[in-house]
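In: predicted structure and sequence below. I'll ask about it afterward.
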Amino acid sequence: METRLRGVGVSHGVAIGAVRHMGTAVLEPPAKQIPEQEAEREQARARQAMDAVAADLTARGHLAGGEAQDVLEAQSLMAQDPELLADVERRIAVGSTAERAVYDAFASYRALLAGAGEYLAGRVADLDDVRNRIVARLLGVPMPGVPDSDEPYVLVARDLAPADTALLDPALVLGFITEEGGPTSHSAILARALGVPAVVALPGATELAEGTTVAVDGSAGEVFVSPGARKRAELEALAAERKAALAASTGPGVTSDGHRVPLLANIGGPSDVAAAVEAGAEGVGLFRTEFLYLDDSERAPSVEQQTAVYRSVLEAFPDRRVVVRVLDAGADKPLAFLHPSDEPNPALGVRGLRALLDRPEVLRDQLTALASAAEGLPVHLEVMAPMVADRADARAFAEACRAAGLHAKSGAMVEIPAAALRTGAILREVEFVSLGTNDLAQYTFAADRQVGAVARWQDPWQPALLDLIAASARAAAEAGKTCGVCGEAAADPLLACVLTGLGVTSLSMSPTALPYVRSTLAKYTRAQCERAAGAARAEDGAEEARRAAGAVLSGE
Ligand SMILES: C=C(OP(=O)(O)O)C(=O)O
Ligand SMILES: [Mg+2]
């Protein structure tokens, strides 16, 4: 019987195929005592296994290349971590077997990581994968991982580890379904990079029977189990229609009546540039620079290092707009050198611009690097600050930009409700605003981005969020300045139309979402987008708002 399951769609498209489960995690090795004289041999076994897994991960990285290689190399470093190895050896010295010592040592490191904010918590799946590989090796059982299959399949997993996703063959993997994970998980990022449909956070996903046919709608976040002939035909037609529309979708973002809405890319570094250019991004709407700083949490990269990285991105977009966000450390992206002390509630603490204003030399170095990176290039560089709360914040940032001799527009992210309500005041100090709807939702609904139990309020269709976006866009229009959206909301094609109707002037998203947004926007007039926005705001819930906007646009 056909059943419909609902999760979170994180990569567009439709995939229909048989379920194949990811090789599951290794069983917990029994807690056995070994005699003292065996300790040395066990320690050597553990070291060998850790080295072999590290070498294997590095080799997989070379094979995969690109963004996946960075992730796999980071995992390889985990397998060689001297502190972890010392802990493993200590445990063996007091009677543990090698596999049990690895299991326990990783468990205590895991607990540390899981409690350390979203960015590090996101690395827990990577760490678990490294542990599983080492334990499997020690036990002499097959490595957990991607199923062997010659037939295309829909991959189902609790969460996907980068070591496996990096090697997935897009010709065989029709789509992903995971039980855990969110829009920022590796599963989501890699599914988008591979261009396969994916639904994450699907309750009960791991209980789907092996071989069952499922239809994954990565745009709607739905999975149909044993879809009937009618549903299959409907989804296949939808997929074909989307594919044709996408193939025909090139050029700039524009409504059917010619209202321009530049479509820009969100990038995390130079390795994302190629995908952005290929997808026809009209520039970059959000360059998240914190990835540069996460390699070494003890110190900031030098001005020269930063300059080289920024320049390589700026060079790729001649005569285009590139909006660089200065370091957004804290909360989900903790950095030891900026956050020496613990905060009870880091999302409400010294995060983003607040941390930079406390350490002006870090901000100055970044702005100096940006100024020299842009020198002599024909690019339209714009620089914005994360977590601007009020006019004083905006002024401090604009002054720092001027002091660094930066010839670029300065801007503020609007991701705190206060900033959305008082965008007019902020725009007296800076030249543009960009709405970060991920954090704006978090702070509007007092709903932590990292907590699955409050995911309902992270839905960007929430009318209260739309109200704040409307207020901010209106203030920007009155000031004659631009107001883009660079949060995940912009990647939802229907919502992109609503945002346009609310007066947003550009949309920035992960490159793979660009063709979907471009082709949807091209179907409707600006007036239709405005009516859809009005209909959505007239509702009191996210689902109702989505439905109301959809009804207006489909002419129901
Ligand atoms: C774009 C945003 O920033 P980040 O997701 O990096 O916090 C946002 O908050 O919407
Ligand atoms: Mg943010």
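Out: Perfect, thanks for sending it. Fair warning: this is a prediction, and the values are worked out from it, not measured in the lab. Numbers count the residues shown, from 1 in each chain. Ligands and ions are numbered 1, 2, ... in the order given.

In: next structured bit after the helix or strand of the chain with the lowest mean pLDDT?
Out: None of the helices or strands of the chain scores lower by mean pLDDT, DSSP states H and E than helix 118-121, at a mean of 61. Moving toward the C-terminus from helix 118-121, the next helix or strand (DSSP states H and E) is helix 124-139.

In: name the residues of that next one that are buried.
Out: Buried residues in helix 124-139, defined by neighbour count with 16 or more other C-beta atoms under 10 Å: 124-138. In short, each C-beta sits where N, CA and C put it, glycine included.

In: and stretch 251-269, by the same measure?
Out: Per 16+ other C-beta under 10 Å, stretch 251-269 contains these buried residues: 253, 254, 255, 261, 262, 263, 264, 265, 266, 267, 268, 269.

In: next one: stretch 224-242
Out: Buried-residue list, stretch 224-242, by 16+ other C-beta under 10 Å: 224, 225, 227, 231, 232, 235, 239, 242.

In: the top strand by length along the chain pairs with which strands?
Out: Secondary structure of the chain per DSSP state E: the longest strand is strand 14-21. If you go by DSSP bridges, strand 14-21 pairs up with strand 153-157 (parallel), strand 213-217 (antiparallel).

In: and the next helix or strand after that strand, what does it pack against?
Out: As assigned by DSSP H and E, the chain's next helix or strand after strand 14-21 is helix 39-64. Applying 3 or more C-beta pairs under 8 Å, 6 or more residues apart in numbering; DSSP states H and E, we find helix 39-64 packed against helix 66-79, helix 82-93, helix 98-114, helix 124-139.

In: got a list of what residue 405 touches?
Out: 368, 371 (C-beta atoms under 8 Å, 6 or more residues apart in numbering).

In: look up phi and psi at it.
Out: phi 70, psi 30 (degrees, to the nearest 10).

In: i'd like the first residue to be 48 from this point on
Out: I'll keep to 48 as the first residue from here, and by that count the last item is residue 452.

In: circling back: out of the buried residues of stretch 271-289, which comes closest to residue 578?
Out: residue 289 (23.5 Å; C-beta to C-beta).

In: the closest one should be in a helix, yeah?
Out: Yes - the assignment for residue 289 by DSSP: H, G, I helix; E, B strand; the rest coil puts it in a helix.

In: show me what from the chain comes close to ligand 2.
Out: 462, 483, 486 (C-beta under 5 Å from the ion).

In: on that earlier part again, could you identify which of the helices and strands packed on helix 86-111 is most buried?
Out: Comparing these by mean neighbour count (mean count of other C-beta atoms under 10 Å), helix 171-186 comes out on top with a mean of 22.

In: packing partners for it?
Out: helix 86-111, helix 113-126, helix 145-161, helix 209-212.

In: please pull up the helix or strand immediately following the shortest one.
Out: Think helix 209-212. strand 220-225.

In: given that next one, what are its sheet partners and their directions?
Out: When DSSP bridges is applied, strand 220-225 pairs with strand 200-204 (parallel), strand 245-247 (parallel).

In: dump these to CSV, plus distance to ligand 1 and mean neighbour count.
Out: Listed next are the strands paired with strand 220-225 as CSV, based on distance: least, C-beta to the nearest ligand atom, whole Å; neighbours: other C-beta atoms under 10 Å:
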stretch, distance to ligand 1, mean neighbour count
strand 200-204, 24, 26
strand 245-247, 16, 31
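
In: and those: which comes nearest residue 363?
Out: strand 245-247 (26.9 Å).

In: contact partners of the closest one?
Out: 54-58, 222-225, 227-230, 232, 234-235, 238-239, 263-265, 268-270.

In: hang on, the earlier thing: in JSON lines: the strands paired with strand 220-225, plus mean pLDDT.
Out: Listed next are these as JSON lines, based on pLDDT from 0 to 100:
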{"stretch": "strand 200-204", "mean pLDDT": "92"}
{"stretch": "strand 245-247", "mean pLDDT": "89"}
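
In: dump those to a markdown table, plus distance to residue 389.
Out: Shown next, in a markdown table, are these (distance: least, C-beta to C-beta, whole Å):
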| stretch | distance to residue 389 |
| --- | --- |
| strand 200-204 | 33 |
| strand 245-247 | 30 |
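
In: which of those sits closest to residue 426?
Out: If we rank the strands paired with strand 220-225 by C-beta to C-beta, the stretch that ends up nearest is strand 245-247, at 32.9 Å.

In: return the distance of that closest one from the chain's centre.
Out: 13 Å (C-alpha atoms, centre = their mean, to the nearest Å).

In: try stretch 340-350
Out: 21 Å.

In: all helices of the stretch 448-597 of the chain, in order?
Out: 464-468, 470-473, 484-491, 510-526, 540-548, 561-568, 573-584, 589-600 (DSSP state H, counting those that start in this stretch).

In: just name the most buried of the ones you listed.
Out: helix 540-548 (a mean of 27).

In: quick one: that helix to chain centroid distance?
Out: Using C-alpha atoms, centre = their mean, the mean C-alpha position of helix 540-548 is found 20 Å from that of the whole chain.

In: and it with helix 510-526, angle?
Out: Interaxial angle of helix 540-548 relative to helix 510-526 (axes from the mean of the first three to the mean of the last three C-alpha atoms, to 10 degrees): 40 degrees.

In: and the contacts of helix 540-548?
Out: 266, 302, 306, 308, 507-508, 513, 516, 532, 536-537, 554, 560, 563-564, 566-568, 571, 573, 575-581, 583, 593, 596-597, 600.

In: quick one, what contacts the residue nearest to residue 592 when sequence neighbours are not counted?
Out: Using C-beta to C-beta, 6 or more residues apart in numbering and skipping the chain neighbours, the partner closest in space to residue 592 is residue 583 (3.9 Å). Shown in contact with residue 583 (C-beta under 8 Å, 6+ apart): 508, 510, 513, 545, 592, 593, 595, 596.

In: try it again at 10 Å.
Out: Listed by C-beta atoms under 10 Å, 6 or more residues apart in numbering, the contact set of residue 583 reads 508-510, 513, 541-542, 544-545, 548-549, 589, 591-597, 599.

In: before we move on, what about residue 142?
Out: For residue 142, the contact set (C-beta under 10 Å, 6+ apart) comprises 78, 79, 80, 81, 82, 83, 85, 86, 89, 148.

In: dump the helices and strands packed on helix 86-111 into JSON lines; add mean pLDDT as well.
Out: Converted to JSON lines, the helices and strands packed on helix 86-111 look like this (pLDDT from 0 to 100):
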{"stretch": "helix 113-126", "mean pLDDT": "83"}
{"stretch": "helix 129-140", "mean pLDDT": "93"}
{"stretch": "helix 145-161", "mean pLDDT": "87"}
{"stretch": "helix 171-186", "mean pLDDT": "86"}
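
In: in the stretch 248-397 of the chain, mark out all the helices, start to finish.
Out: Under DSSP H, counting those that start in this stretch, the stretch 248-397 of the chain gives helices at 276-295, 320-325, 337-341, 350-361.

In: want to throw these into CSV with mean pLDDT and distance to residue 384?
Out: CSV is the format used below for the helices of the stretch 248-397 of the chain (pLDDT from 0 to 100; distance: least, C-beta to C-beta, whole Å):
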stretch, mean pLDDT, distance to residue 384
helix 276-295, 82, 44
helix 320-325, 87, 27
helix 337-341, 82, 9
helix 350-361, 95, 15
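
In: out of those helices, flag the one nearest residue 137.
Out: Nearest of those (C-beta to C-beta): helix 337-341, 28.6 Å.

In: what residues does the closest one touch?
Out: 117, 121, 166-167, 314-319, 346-348, 352-353, 356-357, 372-377, 379-382, 384-385, 399, 409, 413, 416, 433.
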